[in-house]
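[1] Any chance you can model this:
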Amino acid sequence: MPNIKVFSGNSNPELAVRIAARLGLELSKVTLKKFSNKETSVEIGESVRGEDVYIVQSGSGEVNDMLMELLIMINACKIASAVRVTAVIPCYPYARQDKKDKSRAPISAKLVANMLSVAGADHIITMDLHASQIQGFFDIPVDNLYAEPEVLKWIRENIEDWKESVIVSPDAGGAKRVTAIADRLEARFALIHKERKIANEIAGMVLVGDVKDRTAILVDDMADTCGTLITASKRLKEAGAKRVYAIITHGILSGPAIERIQESDLECVVSSNTIPLQEKMELCSKIKEIDVSNILGEAIRRTHNCESVSYLFSHVPL
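    You can find the predicted model right below:
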């Protein structure tokens, strides 16, 4: 593929390597380090003049540092005369702060969108945005890809009685995502309504639907402390579910998440590798990985060749 460069930040280099391999490329050279005062230093190690540049950086780990690294890399490539700079952000940072839900609350997802545009990004490729309206925060093209095709593939290959399963949304906000998966599997659908007192603390849960003597599959876009997933799995078990699986796109798994998963009734928690999972998988045998590098890599190839990416919304690329 001529006139294309793929760079990686420090957030998820393993995913970037897999994406580059999918394209038949090696990652382009960049030196990323910090000065003694903790400022981020970026040195692009090869010419990008006249090139179509893709920078892979996820909103994980030290999120603020990773975001700053991405902004500086975009700007460095732009002022070095790259023809187009595309930010490939598998997990969009600050996506949960997408609306003003109380007085004087910031809309940080919009602020991040402004920062990316000002830095010089011409195009954004991301996956399973927490709120799809974030695409409207940008005045540049945004391709919001879906992990759904890989999720469907994993369910069919790893859950024996998937045809008799119930796909469950752990909250009302994810109902649309979960009904789409249930329709594709021709499976039943259930919903859990949760009431919160404060953020990350759930007051109660009400199950809408029948899971008795069936396998329940919880599907959500992200899991942070896993309080919602664990409470939902308990509620499903109480309602008579035989087994409970959890499938998420962005496995943040911070704070007490690993310990909670290990001690839970969940058969396993399956997450895509938009956020690095290797260390967490070593700590907890219940955590499994779905590789989405082929979807992201194919999106880059199609974008570079000016082809449609809508095929990837419902199909796993070959």
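
[2] What are the buried residues along stretch 173-190?
    Buried positions in stretch 173-190, judged by neighbour count with 16 or more other CB atoms under 10 Å: 174, 177, 178, 180, 181, 182, 185, 187, 188, 189, 190. C-betas here are computed from N, CA, C, even on glycine.

[3] could those be laid out in a markdown table, adding secondary structure and distance to residue 265?
    A markdown table is the format used below for the buried residues of stretch 173-190 (DSSP: H, G, I helix; E, B strand; the rest coil; distance: CB to CB, whole Å):
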| residue | secondary structure | distance to residue 265 |
| --- | --- | --- |
| 174 | helix | 20 |
| 177 | helix | 23 |
| 178 | helix | 20 |
| 180 | helix | 26 |
| 181 | helix | 22 |
| 182 | helix | 22 |
| 185 | helix | 22 |
| 187 | coil | 21 |
| 188 | strand | 20 |
| 189 | strand | 21 |
| 190 | strand | 16 |
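
[4] Out of those, flag the one nearest to residue 280.
    Relative to residue 280, the closest of those is residue 174; by CB to CB it sits at 22.0 Å.

[5] Leaving out the residues flanking it, which one is nearest to that closest one?
    In space, and not counting its chain neighbours, residue 174 is closest to residue 220: 5.5 Å by CB to CB, 6 or more residues apart in numbering.

[6] Ok, residue 232 next?
    In space, residue 232 is closest to residue 170, 4.4 Å off (CB to CB, 6+ apart).

[7] for residue 237, same thing?
    residue 265 (5.1 Å).

[8] ok now do that neighbour, which residues does it touch?
    For residue 265, the contact set (CB atoms under 8 Å, 6 or more residues apart in numbering) comprises 233, 234, 237, 244.

[9] tell me the average confidence for the helix or strand hosting the last one?
    Secondary-structure assignment from DSSP states H and E places residue 244 in strand 243-251. Taken as a whole, strand 243-251 carries a mean pLDDT of 97.

[10] Quick check: residue 295 touching residue 314?
    No: between residue 295 and residue 314 there is no contact under CB atoms under 8 Å: 11.2 Å.

[11] where exactly do the helices run in the stretch 151-300 of the chain?
    In the stretch 151-300 of the chain, the helices defined using DSSP state H, counting those that start in this stretch lie at 175-185, 227-238, 257-263, 278-283, 293-304.
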